[in-house]
Each structure stands twice: as C-alpha cells, then as structure tokens.
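> sequence plus predicted model, see below.
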Amino acid sequence: MTDSKYFTTTKKGEIFELKAELNSDKKEKKKEAVKKVIASMTVGKDVSALFADVVNCMQTDNLELKKLVYLYLMNYAKTQPDVAIISVNTFVRDCEDPNPLIRALAVRTMGCIRVDKITEYLCEPLRKCLKDEDPYVRKTAAVCVAKLHDINAQLVEDQGFLDALKDLLSDSNPMVVANAVAAISEILETSDSAQSSLEMNSNTINKLLTALNECTEWGQVFILDSISNYNPKDDKEAQSICERVTPRLAHANAAVVLSAVKVIMKYMEILDINSDTVTMLVKKLSPPLVTLLSAEPEIQYVALRNINLIVQKRPDILKTEMKVFFVKYNDPIYVKLEKLDIMIRLTNQGNIAQVLAELKEYAAEVDVDFVRKSVRAIGRCAIKVEQAAERCVGTLLDLIQTKVNYVVQEAIVVIKDIFRKYPNKYESIIATLCENLDTLDEPEARASMIWIIGEYAERIDNADELLESFLEGFQDENTQVQLQLLTAIVKLFLKRPTDTQELVQQVLSLATQDSDNPDLRDRGYIYWRLLSTDPAAAKEVVLAEKPLISEETDLIEPTLLDELICHIASLASVYHKPPNAFVEGRGTLRRSLPRNQSGEAPLGETAAAAPAAPVQQPTVIPGVDSLIGDLLDMDLGGPTPYQQQQMMSQMPQSAPAAQPQGAIDLLGEGLDNLLGGGGGGLDALGGLSDIFGSVSQSSFYTPPQEVWLPANKGKGLELTGTFARRNKQIFMELTFTNKAMQPMLGFAIQFNKNSFGLQPASPLQIQSPLPPNQSASASLPLNTQGQVQKMEPLTTIQVAIKNNIGVFYYSCHVPMHVLFVEEGEMDKKDFLASWKEIPAQNEVQSTISNVQHNADTVSQKLRNNNVFTIAKRNVEGQDMLYQSLSLTNGIRVLAELKIQPGMSNFTLSLKSRVQDICPAIQQAFDGILHN
C-alpha cells in the first residue's frame, strides 16, 4: 500500500489519537504516527499542538523517522522557539554520529531552523562539520554557512566561517568546491562587508578550473558563474581561462553551455579584438549556440533570448548561420517571434534575398500575430539594407494586393517608415495605397495613411477629399489618429492654402473647442497661433525636413546590453532587464563588462592602481542616487530659458524687426469668429494669448491672507496679511481694519532680526487717518539687507506695529517660495556637478499627496514660482523632474520630483548643503502644487 493512505483520514479527535501513537513504545507505530502528522501538516492542518511529542521522537536510530521529525521541526520551530530549544542537544549529538548521512542531516536542519536561540548553538557543530572527514558532510556544511549568514551575517563573520568557507575552495572533492562557490556567491550578493574576505584571486580561480571537469552539471554552473565575476589581471590570464572553459561548450546541459558562453563573452572584451584568439573563440561559440536550437521549445526560447543579446554585441558569431533561425511550421509562436527578431538582426546584403523569400512565405501563415510581425520585418529589412529596399517595397506591394485586411494595414505602417528613410524615392506607390483607404480600421494604420497623405499632399490631387473623409468621424477616432489628422490638414493648408481654408478651420475648431484631450488642444492652439501670426514660421515648423529614421530602432542601450551579457544564462537575459528591475531585496551592485588595455574601464588590480582618472559608467535603470547620471544627454525639447539668455547675450543687438507683411490672418475672420473675439492682434486669441507666451504674465502663487493680529489683541486694530513676489521683489500685503470707536493714524512697522534678513524697503504707506469700521490695504516692499538671526522655525518673522493707540507685536511665517529668486536656474553641467558634490546623507525625501497634475503642468507651476526644471526623463513609466532653485541668501537647493502617471502621490527628494531649510522647501512645494 502506498503513502497516499496517510492523506485520507478525516476523523475527529485525531490529534489525541496521534499524541498517544507518538508516545507508543513500538517503533513502527511511532513512525506511522509521524507520517500521519507530516501528511496533516502538508495539507495545511495545524498540528503544532504535537510539537513536544514529535520532538521526543528525535532520539532514534531510524534514519527515515529522523528525517520526518526534522522536516516537522523546520516547519514549526519558529512558532514554538522555547520548546524547539530542547532539540538542540539531539542536533549536537547527531552532528557527531558515526553515520555521515545523519551528521549532514543534522547540520542541514539546524541551518533551516530560523530561530535565534538555536542559531547560537549551531556554531560549534557547524565548525566541526566544515572540517568533517566525509565530503558529503562538508558540502552540506558549506551551504549551511550561507543559510546562517542570511539569518545572522555578523555572527558568521565573527566566528570565522567566511575563512573556513574560502578554505573549502581548495578541497579535494569537486562537489565540496562547487557548494562552497555557490555559498560564497549567495553571501556576496547580499553583503558588501564579505567582499574583502571572499574576493577571488588567480590561485582560487585555478582551483575552481581544476574542479570544473569533475563536478556535476549544477556544480559546473556555480563555478562558471563565479569565474565570470572575476576580472583577470591581463589578457594572458583571460586567454588561459578561456582555453580551459571552452570544452564546457560541448556539454549536454544547456545551462552549462550558456554559462561557458557568458565567461567567454565577458573575457573576449579584454582580449585584443584583432587577435587570433578572439577569431578562434568566435568560431567556437557558434556550434554550441546552434545546437541549443534543436532542444525542446522552452530551452530554444531561453537560448534565443540569450542569442538575441549575443548577436547585438557580436553579430559576427552567427553571421553565417541564418538558416537555423528560419521558422519551422510546428514552432510555438513565442519561438517563431524570437527567431524572426534575430533573423532581422543578422540580415545583410549577402543574405537579403533568402530572408525576403522566407518572410513573404511567413506572411501567408494563419497566425495573425506572426504574419503582422513578418510584414513589419520586411519593412525593417528595407530600412536596414538600402540595396534591397526596392525589392522589399515590391514584396510589400504584392502583399497589399492580397487584400488581407491585417496584412494591408501592417504594410502601410511599414511603408510610412520606408518613405521616411528614403524620401522622394518610392512615392509612386501612393496611388496603390490610397485604393485601400476604406479598409483601414486600426489606429496605427489609419494614422500612417493620414501621415502619407499630409506629407505628399501636393502629389495627391484629391488629398483634401481623402482627409475630409477622415474628419467626418473625428470625435470617434483614436488620439493618435486625431493628432495625425490635425497635422496633415495643416500641412495640406500650407501647401494649398486657397482651396483648403474651410477644412483647416473645421479641424482647428474640432481640436480646440470640442476635444477633451489636452495634447490635441495644445497642438491645435499652437498651429492656430502660428497660422494667424506668421505663416512663414508655420511653414518652417510644420513642413520642416524630417530626420531620417535609424536602421535599428529596437537595439538595447549599450550600457544595459553590457550588463545583460554579464547575466547570460539567468532570468535577466530572458527578460532583457537587469536583476534589480524584477528582484526585490537584492543589492544594487551592477555588473559591467571589463575593457581591454586601451579601453576606458579599469582592468583588474593593475589598472586600478594606475593614476588615470576613473571613468563614470552610466547606469541604465538608475537607483535613487544615480538618476542624475545622464543629465547631459537629455533634451527637454529645445534650449532652456537659461540657454536662450546665454545665446541672446552673445547676439548683436538690433532694432526689432517690423511685422512681416505676410503675417496676416490666413484664415480670414475664421480665427476671430471661432475664438469668440473681435478685432485683430493678440485679442484675436480670445484671452488665450498667455498660453503662447506673447503677453506672459507670471502666475506666482500668493497664499490667501491670514489674521496676524486679531482685534482683541490690537485694541480694535485687526491686521490680516500675506507675502507675495512681483518683479523680483518681495512684498508684504497688509489689510488694516479699524474695529475701534476712534480713528487710527500714525502707522509704522518694524521687523525683528530674522533668518533671511528681511526688513521693510520703504516706510509703510497707508490711508491715514483710518476711520472706524473702515479697512485699508497696503503693499509693503521688503529687502533682505536686515540683520540675520536664525529663528525657530526658520520662516518666523517677529513684527511690531505702532499707531496712535499703542504698539502691538505679532509673529508670522513667510512662505519659503517668496524667497526663491529668479536667477535660480542652473546649467545642466553645474547641476550635475553640484548633485554629486553634495553628500548623499544630505538628501531628504518626502511625499506630496493628492496632486492633480501631470509632469508638464507641475513643471510650469513650479517655474512660475522660480523652481526651474533642468531636465526631465522617463524611467520605467515614471516621469522624473530635476530642478534647481536659489534663495535670497544664495543657498542653492536641488530637487528630484518623481511622478507616476495616474497616481496623485509624488515623491520629492531635496539636496542642499544646508539641511535645515529642507522642511520649509517641502512645504513650499506642497503649497505651490496644491494652490
């Protein structure tokens, strides 16, 4: 009878029966009872009440029973630590048992029991097991060190287990060496302090290479991974290691093959690219990779994802192996799509005919996703191999003639890209494309067709009719189509203004008046503004020459590619993402490929000792501290106002140019009527001129007035106020209300010393006398030339008000943002340098909740208040704004604002040499974004 019987009992009172059986004198009955307990535990029943009874069964010579008790103990020790402590003596005794299996079982179980009290007793047995005469016990103890390090890292380091683990690398048994390597790798991933103790050197690597031939396949994987993390001292050592690893390429296990490929790919970076060794290694890498493609589909897919990375790094490895990537009829779709991608990467002038014939055949398949990708692949071939572009266009036209809807739509999308790559070359096919206009129902295909009509409107006689047919259902179209239609009609209008005026008025009205989409509205207003004020500028902007599109648009960014090459044969190489993007709780240490002697990165210890300045390695998906790294490569869409100012200051001053004669309203009176305004000039925009910056008026946030001095404390004088900033000056806005029975006169004001030296810049000017029940307002200009004394909190101002009744004192808080000066915008290089100079411990992070804005409106709001966006980037769907501001006393503050689209909580990080000001700056950001 099988063990399944243990899972079928559902009797009541079972715990009491089991308790009795566990305490039986008969060994067989006791074993049966423990099996029942384990079965109950496996199906989720709580059998922790039997803990003491099961632990009593530990003292037995029966190995099977001991294993079962240890399994129970691992599961429940954490919930019953006090009772579990009684098992320690048995563990210690078992660690000295003559049977090596029992010794190994005891030390393994002790490592799995994550109870601090037991951990303390584990050290001595573990130390003995690490030096045990039996290799099975030693290899088990090696893994136990890694488990113990995870529970208590400090204890492992203090007890000298790291050194003992390193000694095991010299063990005579290859399996012990492999387990020691696995344990060391695990520890190094989670601990920086262990780095120095466990650092690999030439001698250690030689020992590992010696053990490599005799290990099991998983042992070989651990050793190869460890070797790949070692940086050789010179190219001679790298060459020697590659020669000893190369035989692993012929291994039957795919994991061993890929791990060997990783080592060789990494070490090839150190060797001279023109050397015979590199040529030989390139030849040797090809056959094992090809062999992997005859395995099961799942292994094929993993191999293909890795090959995709290898081909991007070194296309010459598989340049002659195109045929192995041709799709088989019975390949799963995920393998087909991956093969297709690699085919395009390997396409060149020599094999393009072969590839095109294959792709045309794939386009006749039944799998819609695969067919779409095949048609796109033909377009990518045209863009990549110029000599074959005409043949590719001919193939696409043949596919369009099939009239298969999704094939036609994909073909039109890729033909748009071909037009952009080869302008004025293949436009003769436009007529054929227009014939299929009615069949297009997918947004991307419709948008592509509209782009083609707008771009070549002068060649299409009925372009206005074609675009008008799209305009009929404008509100129901996808945003992508609406934006493309708006631009296409404006292009048509600029090319044929006489007969398309009504059409452009109609689309501008739909975009600006009837649309809820801010992108569409903004683009509509910009076009409107351009067309109505400067048609010459409109032509330059809208009909500007397009940049040619690049050959490979989906290549992985080089720094990320280098990192992923270091992670070949791991999940990172399948996801094409670095490990910290999908694994939580791991260190942020990133791997990067070494460079040869002439490269930028340091090589082993010799280069580290060289006096050359270290080169910054940019990261691809930066952490919190390193997101500033690529600021200099960012472009916010044209020069910043700071850069414009710099350019303007270098230009010769001249009289303003007269309004060009052509700057009339091309739309006749359509613009005025649609926007509801009369007259010309700026008013034609119906009050929207500030959108375009013509009569820009800064919307600086001025908080509402607060009661600073209530009437009961001011003997009838009530004073409310706030602070504002106008024309580079701070103002105290005051409202005096006389609630007394007599007039008030002789008003004067004085400030005490404060954190920013604020004081009145001129005497208080107010209506005097101020009659009873009357109010008067005053705007008091302030400067920062007064005496400075640090206040608590920093923004506190103590004020004295005098009039004919008496002197009154009150304190108020100046909002920090009125102290932000207009000169706070930094150059990108200065910002980057400052961010790096300010220590990481000076960074203060906070959350701003419930903000109903996107990155662009946030940036504009903050700019209106002298917080300047230096750069903007998108990281994993998050918008990151990097900003600078300066205070009146010269203190600079750098900010990083993380905005997750669709979320109302933003993360603000501030860096400044003066940390005391950060809380007030955080309040200022909060106030500005919530006004």
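Yes, it's here.
> would you map out the domains in this structure?
Domain assignment of the chain by the TED database yields the ranges 212-325+557-581, 464-550, 706-814, 818-930.
> for V43, which of those is the nearest?
Of all these, it is domain 212-325+557-581 that lies closest to V43, at 30.6 Å by CB to CB. (C-beta placed from N, C-alpha, C; glycine too.)
> quick one: the helices in the stretch 301-450 of the chain?
For the stretch 301-450 of the chain, the helices defined by DSSP state H, counting those that start in this stretch cover 333-346, 352-362, 368-384, 389-401, 405-421, 430-435, 443-455.
> tell me which of the domains of the chain sits nearest to R391.
domain 212-325+557-581 (16.8 Å).
> first to last residue in that closest one, what's the distance?
Start to finish, the residues bounding domain 212-325+557-581 are 32 Å apart (CA to CA, to the nearest Å).
> so which of the domains of the chain is nearest Q349?
Of all the domains of the chain, domain 212-325+557-581 comes closest under CB to CB, at 11.9 Å.
> what's the neighbour count on the closest residue to F474 other than its chain neighbours?
Distance criterion CB to CB, 6 or more residues apart in numbering; nearest residue to F474, sequence neighbours excluded, is L510 at 5.0 Å. Here the number of neighbours of L510 (other CB atoms under 10 Å) works out to 18.
> could you pull out the strands for the stretch 801-931 of the chain?
807-813, 843-848, 868-875, 878-886, 892-899, 906-911 (DSSP state E, counting those that start in this stretch).
> TSV for those strands, including mean neighbour count, mean pLDDT and distance to R496?
What follows is those, written out as TSV (neighbours: other CB atoms under 10 Å; pLDDT from 0 to 100; distance: least, CB to CB, whole Å):
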stretch	mean neighbour count	mean pLDDT	distance to R496
strand 807-813	15	90	62
strand 843-848	16	88	50
strand 868-875	19	86	38
strand 878-886	22	89	39
strand 892-899	22	90	42
strand 906-911	21	89	47
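> that older thread, secondary structure class for the residue nearest to F474?
Secondary structure, DSSP: H, G, I helix; E, B strand; the rest coil: L510 is helix.
> again with the one 5 residues further on
Under the three-state scheme (three-state DSSP), S515 adopts coil.
> hmm, Y525 and it touching each other?
No: under the criterion of CB atoms under 8 Å, S515 is not in contact with Y525, lying 11.0 Å apart.
> re the thing from before, got the strands of the stretch 801-931 of the chain as a markdown table, with distance to L285 columns?
Below are the strands of the stretch 801-931 of the chain laid out as a markdown table (distance: least, CB to CB, whole Å):
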| stretch | distance to L285 |
| --- | --- |
| strand 807-813 | 68 |
| strand 843-848 | 45 |
| strand 868-875 | 34 |
| strand 878-886 | 38 |
| strand 892-899 | 42 |
| strand 906-911 | 44 |
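> relative to D53, which of those strands is closest?
Of the strands of the stretch 801-931 of the chain, nearest to D53 by CB to CB is strand 843-848, at 51.4 Å.
> neighbouring strands - and their directions - for that closest one?
strand 906-911 (antiparallel) (DSSP bridges).
> could I have the CA atoms of the partner strand written out in CSV?
Extracted in CSV, the C-alpha atoms of strand 906-911 (Å, rounded to 0.1, in the frame of the first residue of the first chain):
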residue,chain,number,x,y,z
PHE,A,906,4.6,62.4,-5.9
THR,A,907,8.0,61.7,-4.3
LEU,A,908,10.2,64.8,-3.7
SER,A,909,13.9,64.4,-2.9
LEU,A,910,15.9,67.6,-1.9
LYS,A,911,19.6,68.1,-1.7
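> mind listing what's buried along stretch 29-49?
Under the neighbour-count criterion of 16 or more other CB atoms under 10 Å, stretch 29-49 has 30-41, 47 buried.
> nearest to I430 among those?
M41 (72.6 Å).
> helices and strands around the helix or strand harbouring that closest one, which ones?
In this structure, M41 sits in helix 27-42 according to DSSP states H and E. On a contact count with 3 or more CB pairs under 8 Å, 6 or more residues apart in numbering; DSSP states H and E, helix 27-42 meets helix 14-22, helix 63-76.
> tell me the most buried of these?
Mean neighbours per residue, mean count of other CB atoms under 10 Å, is largest over the helices and strands packed on helix 27-42 for helix 63-76, with a mean of 19.
> now it, how far from the centre of its chain.
45 Å (CA atoms, centre = their mean, to the nearest Å).
> got the angle for it vs helix 27-42?
30 degrees (axes from the mean of the first three to the mean of the last three CA atoms, to 10 degrees).
> hmm, who's touching helix 63-76?
Residues external to helix 63-76 that are found in contact with it (CB atoms under 8 Å, 6 or more residues apart in numbering): 27, 30-31, 34-35, 37-38, 41, 47-48, 51, 54-55, 57-58, 60, 84, 87, 94, 99, 101-102, 105-106, 109, 112-113.
> look at the residue lying closest to N478 once chain neighbours are set aside and report its pLDDT.
In space, and not counting its chain neighbours, N478 is closest to P443: 3.7 Å by CB to CB, 6+ apart. Note for P443: predicted pLDDT of 90.
> for the one 10 residues further on, same thing?
Per-residue pLDDT puts I453 at 88.
> count the neighbours of it for me.
I453: 27 neighbours (other CB under 10 Å).
> for the residue of the chain positioned farthest from its centre, give me its contacts.
Using CA atoms, centre = their mean, the residue of the chain lying farthest from its centre is Q742. It sits 67.0 Å away. Q742 is in contact with P772, I805, counting by CB under 8 Å, 6+ apart.
> relative to S768, how far out is it?
13 Å (CB to CB, to the nearest Å).
> now L346
Taking CB to CB, one finds L346 at 88 Å from S768.
> what of G379?
Distance of G379 to S768, given as CB to CB: 80 Å.
> for the two, indicate the residue with more neighbours.
Relative neighbour count places G379 above the other of G379 and S768, with 25 against 15, counting by other CB under 10 Å.
> give me the number of residues near the residue nearest to the more buried one when sequence neighbours are not counted?
Distances taken as CB to CB, 6+ apart place V414 nearest to G379, at 2.6 Å, with adjacent residues excluded. Neighbour count for V414, taken as other CB under 10 Å: 22.
> so which residues of this structure form strands?
Using DSSP state E, the strands of the chain run over 706-709, 717-726, 729-738, 748-751, 759-760, 775-783, 796-802, 807-813, 843-848, 868-875, 878-886, 892-899, 906-911.
> and of those strands, who's closest to F831?
Short answer: strand 868-875, nearest of these by CB to CB, at 4.8 Å.
> what angle sits between the closest one and strand 878-886?
Using the same axes, to 10 degrees, strand 868-875 lies at 160 degrees relative to strand 878-886.
> just for the stretch 251-400 of the chain, where's the confidence low?
The stretch 251-400 of the chain contains no residues with pLDDT under 70.
> next: the stretch 701-850 of the chain.
Ranges of the stretch 701-850 of the chain meeting pLDDT under 70: none found.
> follow-up on the earlier one: relative to D499, which of the strands of the chain is closest?
Closest of the strands of the chain to D499 is strand 868-875, at 41.3 Å (criterion: CB to CB).
> the closest one to strand 892-899, inter-axis angle?
40 degrees.
> residue boundaries of the helices in the stretch 51-200 of the chain?
Under DSSP H, counting those that start in this stretch, the stretch 51-200 of the chain gives helices at 51-56, 63-76, 81-84, 88-94, 100-112, 116-130, 135-151, 153-158, 161-167, 174-190.
> now those helices in CSV, with mean pLDDT?
Formatted as CSV, the helices of the stretch 51-200 of the chain follow (pLDDT from 0 to 100):
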stretch, mean pLDDT
helix 51-56, 74
helix 63-76, 77
helix 81-84, 70
helix 88-94, 77
helix 100-112, 84
helix 116-130, 81
helix 135-151, 89
helix 153-158, 84
helix 161-167, 86
helix 174-190, 86
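> distance to S886 added to those, as JSON lines?
Below are the helices of the stretch 51-200 of the chain laid out as JSON lines (distance: least, CB to CB, whole Å):
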{"stretch": "helix 51-56", "distance to S886": "66"}
{"stretch": "helix 63-76", "distance to S886": "60"}
{"stretch": "helix 81-84", "distance to S886": "57"}
{"stretch": "helix 88-94", "distance to S886": "64"}
{"stretch": "helix 100-112", "distance to S886": "57"}
{"stretch": "helix 116-130", "distance to S886": "52"}
{"stretch": "helix 135-151", "distance to S886": "48"}
{"stretch": "helix 153-158", "distance to S886": "44"}
{"stretch": "helix 161-167", "distance to S886": "50"}
{"stretch": "helix 174-190", "distance to S886": "42"}
